[in-house]
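The following comprises the amino acid sequence and a computationally predicted model.
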Amino acid sequence: MKQSETKAPGMIWSMLQCKCPHCRRGDMFKAANPYKLKSTLEMHKHCPVCGTDFEPEVGFYFGTGYVSYGLCIALTVASFLFCLTTFGFSIKDNSLFYWLGGNVLMLIVLQPVIMRLSRVIWLSFFTKYESKEIAWKHSKHRN
Ligand SMILES: [Zn+2]
C-alpha cells in the first residue's frame, strides 16, 4: 500500500476541497466549480465513497447561516488588517471607504465559495471522521 493511501487527508484541506467530513474522500457537491451558479448548492444525497447521508434531516442546512456569518466576519477582519498594515487608513482621505467597497465586492464575489464551505463546516460539526477502512466497513452495512 502506498504512503498516500494510508495517510489520512487533513481536515482543513478536505474542507477546502468540499469533501465528505466522514471519510474526507467523497465529493459533497455534484459540480466541482462553485461558480456554476445554477448548480452551486446541488449536493449528492449520499457520499459516493462511504455512503454518509448528506442531509440527515429536513432543513438541516438552515444553520449554515451562522457559519457563513462567521466566515464573512473573519474575512472582513482579515482584509481590514491586511489593508491597515499594507496601505494604512486615514480620516483625511477616503481610504476607509475604498476598503469598505472593496470588502463588500470581495464578499459578493466569494459568496458561492462561502456558501459551500459553510455547508461543509456545518456538516462536519455533526459528523465524526473515520478512517477509510472503518468508513468502508460501515458503508457495506448501509447498502
Ligand atoms: Zn464519505
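Here it is on my side, so go on.

pull the helix or strand with minimum mean pLDDT from this structure.
helix 3-6 (a mean of 52; mean pLDDT, DSSP states H and E).

Apart from its neighbours in sequence, what residue is nearest the most centrally placed residue in the chain?
Centroid-nearest residue in the chain: residue 117, 1.6 Å away (criterion: Cα atoms, centre = their mean). In this structure, residue 117 finds its nearest non-sequential neighbour in residue 71, 6.4 Å apart by Cβ to Cβ, 6 or more residues apart in numbering. The way it works is simple: take the backbone N, C-alpha and C, and place the C-beta from them, glycine included.

From the contact counts, what lies against the helix or strand where the one you found lies?
Residue 71 is part of helix 64-86, with elements assigned from DSSP states H and E. If contacts are counted by 3 or more Cβ pairs under 8 Å, 6 or more residues apart in numbering; DSSP states H and E, helix 64-86 sits against helix 95-109, helix 111-126.
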